[in-house]
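Undergrad: Take this sequence and fold it.
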Amino acid sequence: MQIGEMCFENNWAAQRDGEIRRDWSKALSSTSVEDLASDIGWGFTDEDIKELAWLHKNLMHRKKIEQLLIECNFISIAFDLREGRYIEYF
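TA: Model (predicted):
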């Protein structure tokens, strides 16, 4: 792989990461759990968790949010949301 190709791929990955994090609802509607997990590098910011908890509480993308959290090894948060324990994430 050439340096130019690596820069292009890194730039694309950064743009995709930002696109997802700017609009979780849209990303969850249009992308598979596996692709989302890979695109965000299997990690979340505190703000991401807050947004996902808010969406989950408001009955939006519940199953997919839980699957994404588990896919990224945020299992305890997935179970907290499933059990309705939102307060610590707001």
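
Undergrad: where does this structure have low pLDDT?
TA: 1-9 (pLDDT under 70).

Undergrad: which stretches of it form helices?
TA: 3-22, 24-30, 33-39, 46-57, 62-71, 75-82 (DSSP state H).

Undergrad: any idea of the angle the last one forms with helix 46-57?
TA: Direction vectors for helix 75-82 and helix 46-57, defined by axes from the mean of the first three to the mean of the last three C-alpha atoms, to 10 degrees, enclose an angle of 30 degrees.

Undergrad: Number the residues from 40 up from this point.
TA: Noted, 40 is the first residue going forward, which turns the last one into helix 114-121.

Undergrad: could I get helix 114-121 in PDB with only the CA atoms?
TA: In PDB, the C-alpha atoms belonging to helix 114-121 read as follows (Å, rounded to 0.1, in the frame of the first residue of the first chain):
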ATOM      1  CA  ILE A 114     -21.800  -5.600  27.800                       C
ATOM      2  CA  SER A 115     -22.600  -4.100  31.200                       C
ATOM      3  CA  ILE A 116     -23.900  -0.900  29.600                       C
ATOM      4  CA  ALA A 117     -26.000  -3.000  27.200                       C
ATOM      5  CA  PHE A 118     -27.600  -4.800  30.100                       C
ATOM      6  CA  ASP A 119     -28.100  -1.600  32.100                       C
ATOM      7  CA  LEU A 120     -30.000  -0.100  29.200                       C
ATOM      8  CA  ARG A 121     -32.000  -3.300  28.700                       C
END
